[in-house]
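1. One predicted model, sequence on top.
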Amino acid sequence: MGLAQREIEAAGISTITLSSIPDLTASVGVPRVAGVEHPPGRTLGQPGDAEGQRDVLRATLEALASISNPGGVVHLTFEWPEHPSKVRFDPPEPPPIIQLIRRRPWLFVKLVRRKIPGAPKH
């Protein structure tokens with residue numbers, strides 16, 4: 001992501017990365033970082049919490065406006081509402097691709113070989 005951001009910055013457009021591990025993210029040279037104390041994969045917030053996700057996005061954009069020079073890190077003040085050991089990462093229902101592979105496991109090999117079932121042949 002840092003490479004793409006540096007190119008976008010070179011074109012005169014400011015960028016920012018929202019990260020749950022801001023120190024590591026900053027160490028790879030991204031132009032700006034907004035750190036949030038959320039579990040990995042949940043940087044915007046809890047699934048289904050549109051209002052909370054908008055709040056994180058707004059705060060990230062405000063951080064973008066407040067960091068005048070590339071290399072800056074802002075720590076957002078959001079707290080995760082549950083203990084880390086209680087965070088569930090599995091969705092209530094498996095994604096469609098997983099459901100398909102469970103029903104037709106022989107398709108997995110084709111998918112790995114990039115032979116997508118039903119895709120037009122080139």
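-> Alright, I've got the coordinates.
2. Return the list of helices and strands in contact with the longest strand seen in the chain.
-> Using DSSP state E, we find that the single longest strand of the chain is strand 72-79. With contacts taken as 3 or more Cβ pairs under 8 Å, 6 or more residues apart in numbering; DSSP states H and E, strand 72-79 sits against helix 22-27, strand 32-37, helix 50-66. Heads up, the C-betas are built off the backbone N, CA and C, glycines and all.
3. just those: most buried one?
-> Of all these, strand 32-37 has the most neighbours on average by mean count of other Cβ atoms under 10 Å, namely a mean of 22.
4. So what touches that strand?
-> 14-23, 25-26, 43, 56, 59-60, 63-64, 67, 70-76, 78-80 (Cβ atoms under 8 Å, 6 or more residues apart in numbering).
5. one more time with 7 Å, if that's ok
-> Under the criterion Cβ atoms under 7 Å, 6 or more residues apart in numbering, residues 15-20, 22, 25-26, 43, 56, 60, 63-64, 67, 70, 72-76, 78-80 lie in contact with strand 32-37.
6. do the same with stretch 95-106
-> Residues outside stretch 95-106 that contact it (Cβ under 7 Å, 6+ apart) are 107-108.
7. Distance from the chain centre to it, please.
-> Put simply, stretch 95-106 sits 25 Å off its chain's centre (Cα atoms, centre = their mean, to the nearest Å).
8. before we move on, back to that, now the contacts of strand 32-37: which count as buried?
-> Those of the contacts of strand 32-37 that meet the buried threshold are 15-20, 22, 25-26, 43, 56, 60, 63-64, 67, 72-74, 76, 78, 80, by 16 or more other Cβ atoms under 10 Å.
9. Mean pLDDT added to the helices and strands packed on strand 72-79, as TSV?
-> Shown next, in TSV, are the helices and strands packed on strand 72-79 (pLDDT from 0 to 100):
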stretch	mean pLDDT
helix 22-27	90
strand 32-37	95
helix 50-66	96
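10. where does the chain have low pLDDT?
-> 1-2, 89-91, 116-122 (pLDDT under 70).
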